[in-house]
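K.L.:
Whatever this is, show me its structure:
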Amino acid sequence: MNTTDRTDLLVRHMSQFLRQIATQISPAMDSVVERLLRRTAEGHIALDLRRQESGADQAGAPLAELRESVLISGLAGAPGEYKPLILDAHDRLYLYRYWDYENRVADALRRRAQWVEENPDTAAIARLIGDLFEGPHVTGQKTAAAIAALRRLTVVSGGPGTGKTTAVVRILSLLLELNPKLNVALAAPTGKAAARAGDAVRRAEIPVQMSTKTRERIPREAYTLHRLLGLRPGYSRYHADNPLPYDVVVVDEASMVGVSLMARLLDALADDCRLILLGDKDQLSSVEPGSVLGDICSFEADYSPKFVAGVENLNAETNTAPMTHALQDCVARLTHSFRFGADSGIGTLAGAIRCGDADAALDILRDPKLPDVTLHEAATIAELYEQLSQQLLAGLRKYLTSIRDGADPATVLSGFESFRLLCAFRHGQTGVAGLNKLTEQLLFDNGLIDIRENWYSGRPVMVTSNDYMLQLFNGDIGVTIRDEDDDAPRVVFETQGGIRSLHTPRLPGHVTVFAMTVHKSQGSEFDDVALVLPEKTSDLLGRELIYTAVTRARHRVAIYGGAEQLKEAINRVQRRGSGLADKLRVAGSPGVPEQGSLF
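P.N.:
Model prediction:
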């Protein structure tokens, strides 16, 4: 059963259940309930009835009628009531569970944002920031370090190559120099992201000024958040009554964390634990409902006068602005890319997409002076396949040849990870299924694989479920090779503990992965990326998806599809229904609705 079928089944059964327990349900309410359930399955936390009224969410009934239908149904209550649905003062309708998650996250973030270190050793902090952050373009990193030294919540947002990992290693060095007894944990939402986070920290340069003790205390291994919290269905080892045994928790790829997982993490933190969130606010939101990092970074203000006064002697440079956001003094934005220079096509293309300048993005893709980014327009699927085939052969031949030549598993895996074929959806001719089939046939026709065997040499697979016994997690990627002793197929993985080799019957759930969705690629980077746009436009194809795909590449990006379709996608901003951003704003600031009550 595919995702669409599962969503349809869930919506149908939940709608029937709510109808049964409603005291009165009108056609308008019936439509609202179905829309709310479907939107939640698509990743939204709330349904805005005002957008329903305007027709922006495909309804169009008057707001007063929608509100009355909700209130007389017996299904909805005011915030704080225990009802299946919650209608807040701003006409946002929630399933109770997601209203509760959102409320817990907002309250916990506000509490952490209010805490400020008493009597900090400003001389030591200033000296360490000066020693740790040298060179140009490190103003944002210094600000992040000052926040982390003074507060229990630090949010560092920046695009690829802006130095987030470098910054966090130096921030941890600073904190450990100030207090060598700190117990630090590094985590990420998925197994793949955790492995990459751990690898990035291990490869990051620790300043020579740091003591041996500090170097040893910086974690080299990252946990998945599920493993960190000890989450199982219906159970969490760590929670408010049994908090995590850490003084500092760092979460990488925070844009991938949904509201439910963030609520559980915040519940499990001890009151005096520092939380550091790293991520790119412009990337795709989590697969689960919510867009927590985007909501946290939904303002563009500088820092409050009080905060600026507190860091003026800490080697941090900041600008002042009126206080409009509860987390305003906890967010550091990194904007300078150390990876992409001014003449880089990927850097300029990502910037144009992020700003929503579709015309500029097309000009960049068509500029012969920027060969690292290209657009291949195709009128038909057959034409698209023909153009794509050349890059597929070029991108995959090297790792397949290395298997034939007897290369070691590390070399094979490195070769496969150098190129990735990305697409928007799983199904269809331009989805994962169609492109995997195309790639296998193309490689077979060119004598590079033998698809007459299921476990042919060179078959790449992606794990689709967590297996804690095998230490393999959703998103881990391996490649099939033949064992030298018995010629049996084995799949090799690169894990935090080194290369793992497993017989195929031992593998957890998995799929072939010549092609993968952009969602699944989050937390990964490749030398070259080919992005295939779907044959039909979709509301799910938006700016964030294109930006995420482009920023997976280190050296080259090729986009296959129509120019007009690409422009539509870049102009389409996918804002998830949520009240978290409003709950984090300061009352009375611009854009914050006046509080009221419908009850």
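K.L.:
where does this protein have low pLDDT?
P.N.:
Residue ranges of the chain with pLDDT under 70: 1-3, 52-60, 205-209, 342, 496, 587-599.
K.L.:
Which residues are in contact with the residue nearest to the spatial centre of it?
P.N.:
In the chain, the centroid-proximal residue (Cα atoms, centre = their mean) is M256; its distance is 2.7 Å. Counting by Cβ atoms under 8 Å, 6 or more residues apart in numbering, M256 makes contact with A188, P189, T190, A193, G279, Q283, S285, S286, V287, Q522, G523. Using the backbone N, CA and C atoms, a C-beta is placed for each residue, glycine as well.
K.L.:
any chance you could map the strands in the stretch 101-250 of the chain?
P.N.:
Secondary structure of the stretch 101-250 of the chain (DSSP state E, counting those that start in this stretch): strands located at 153-158, 184-188, 222-224, 231-232, 235-236, 248-251.
K.L.:
now these as JSON lines including distance to L109?
P.N.:
As requested, the strands of the stretch 101-250 of the chain are arranged in JSON lines below (distance: least, Cβ to Cβ, whole Å):
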{"stretch": "strand 153-158", "distance to L109": "7"}
{"stretch": "strand 184-188", "distance to L109": "17"}
{"stretch": "strand 222-224", "distance to L109": "22"}
{"stretch": "strand 231-232", "distance to L109": "20"}
{"stretch": "strand 235-236", "distance to L109": "19"}
{"stretch": "strand 248-251", "distance to L109": "13"}
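K.L.:
Would you format those strands as a markdown table with mean neighbour count included?
P.N.:
Shown next, in a markdown table, are these (neighbours: other Cβ atoms under 10 Å):
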| stretch | mean neighbour count |
| --- | --- |
| strand 153-158 | 26 |
| strand 184-188 | 23 |
| strand 222-224 | 23 |
| strand 231-232 | 14 |
| strand 235-236 | 12 |
| strand 248-251 | 25 |
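K.L.:
What is the subsequent helix or strand relative to the helix or strand hosting V511?
P.N.:
Using DSSP states H and E, V511 falls within strand 510-512. Sequence order places strand 515-517 as the next helix or strand after strand 510-512, per DSSP H and E.
K.L.:
Just checking: what are the partner strands of that next one?
P.N.:
Using DSSP bridges, the strands paired with strand 515-517 are strand 419-423 (parallel).
K.L.:
what does the partner strand rub up against?
P.N.:
Residues contacting strand 419-423 (Cβ under 8 Å, 6+ apart): 388, 392, 395-396, 430-432, 435, 439, 514-518, 521, 524, 526-532, 534, 549, 552.
K.L.:
Relative to P505, which of the contacts of M256 is nearest.
P.N.:
Checking those against P505 by Cβ to Cβ gives T190 as the nearest, at 24.6 Å.
K.L.:
measure stretch 148-160 end to end?
P.N.:
Length of stretch 148-160, first residue to last, Cα to Cα, to the nearest Å: 21 Å.
K.L.:
Repeat that for stretch 113-125.
P.N.:
End-to-end span of stretch 113-125 (Cα to Cα): 20 Å.
K.L.:
What remains of the contacts of M256 if I keep only buried residues?
P.N.:
Neighbour counting by 16 or more other Cβ atoms under 10 Å classes A188, P189, T190, A193, G279, Q283, S285, S286, Q522, G523 among the contacts of M256 as buried.
K.L.:
Just flag the most distant two among the residues you listed.
P.N.:
Checked with Cβ to Cβ, the buried ones among the contacts of M256 reach their widest spread between A188 and S285, with 15.6 Å between them.
K.L.:
Counting only helices, which of the contacts of strand 419-423 make the cut?
P.N.:
L388, L392, G395, L396, V432, L435, T439, V518, S521, A549 (DSSP state H).
K.L.:
correct me, but the last one touches V529?
P.N.:
Yep, that's A549 we're talking about. Yes. Under the criterion of Cβ atoms under 8 Å, A549 makes contact with V529 at 6.5 Å.
K.L.:
Overlap in contacts, these two.
P.N.:
L422, V557.
K.L.:
OK, contacts around A41?
P.N.:
Residues in contact with A41 (Cβ under 8 Å, 6+ apart) are T7, L10, V11.
K.L.:
C-terminal to the host helix or strand of the second one, what's the next element?
P.N.:
Taking DSSP H and E as the criterion, the element that holds L10 is helix 3-21. Scanning the chain past helix 3-21 towards its C-terminal end, the next helix or strand to appear is helix 27-41 (assignment: DSSP H and E).
K.L.:
Name the residues of that next one that are buried.
P.N.:
In helix 27-41, the ones that count as buried by 16+ other Cβ under 10 Å are 28-33, 35-41.
K.L.:
Same check on stretch 531-549?
P.N.:
Those buried within stretch 531-549 under the rule 16+ other Cβ under 10 Å are 531-535, 541-549.
K.L.:
hmm, back to that, okay, among the buried residues of helix 27-41, which ones form the most distant pair?
P.N.:
Among those, A28 and A41 lie farthest apart (Cβ to Cβ), at 20.8 Å.
K.L.:
State the distance from A78 to Y456.
P.N.:
A78 sits 60 Å away from Y456, going by Cβ to Cβ, to the nearest Å.
K.L.:
With neighbour numbers in mind, choose between those two.
P.N.:
Between A78 and Y456, counted using other Cβ atoms under 10 Å, the more crowded position is Y456 (17 against 14).
K.L.:
and the more buried one, what does it touch?
P.N.:
Contacts of Y456 (Cβ under 8 Å, 6+ apart): I449, D450, T480, P489.
K.L.:
For it, pull up the helix or strand it's in.
P.N.:
Going by DSSP H and E, Y456 is not in any helix or strand.
K.L.:
Please report phi then psi for it.
P.N.:
Note on Y456: its backbone torsions stand at phi -70, psi 150 [degrees, to the nearest 10].
K.L.:
I'd like to know how far it sits from T512.
P.N.:
10 Å.
K.L.:
do the same with T430
P.N.:
17 Å.
K.L.:
Just want to know which of those two has more residues nearby.
P.N.:
More crowded of T430 and T512, by other Cβ under 10 Å: T430, with 24 against 18.
K.L.:
isn't the more buried one right up against A530?
P.N.:
No. Assessed by Cβ under 8 Å, T430 is found out of contact with A530, at 11.7 Å.
K.L.:
before we move on, what SS does V491 have?
P.N.:
Classification of V491 by DSSP: H, G, I helix; E, B strand; the rest coil places it in strand.
K.L.:
partner residues bridging it?
P.N.:
T480, L502.
K.L.:
Hmm, L502 and it touching each other?
P.N.:
Yes. Applying Cβ under 8 Å as the test, V491 and L502 come out as touching, 5.5 Å apart.
K.L.:
got any residues that touch both of these two?
P.N.:
G478.
K.L.:
Run a quick neighbour tally on the closest residue to H427 other than its chain neighbours.
P.N.:
Among residues not flanking H427 along the chain, A433 sits closest, at 5.6 Å (Cβ to Cβ, 6 or more residues apart in numbering). Per other Cβ under 10 Å, the neighbour tally for A433 reads 18.
K.L.:
mind checking how far A433 is from V105?
P.N.:
In terms of Cβ to Cβ, A433 sits 36 Å off from V105.
K.L.:
got it, and L327?
P.N.:
11 Å.
K.L.:
what's the answer for L421, then?
P.N.:
Taking Cβ to Cβ, one finds L421 at 36 Å from V105.
K.L.:
residue boundaries of the helices in the stretch 301-450 of the chain?
P.N.:
305-311, 345-354, 358-365, 381-404, 409-417, 432-445 (DSSP state H, counting those that start in this stretch).
K.L.:
The longest one to helix 432-445, inter-axis angle?
P.N.:
The one in question is helix 381-404. 60 degrees (axes from the mean of the first three to the mean of the last three Cα atoms, to 10 degrees).
K.L.:
contacting residues around A185?
P.N.:
Per Cβ under 8 Å, 6+ apart, neighbours of A185: P219, Y223, L228, L244, Y246, V248, V249, V250.
K.L.:
what's the closest of those residues to A167?
P.N.:
Distances from A167 to the contacts of A185, taken by Cβ to Cβ, are shortest for V250, at 10.7 Å.
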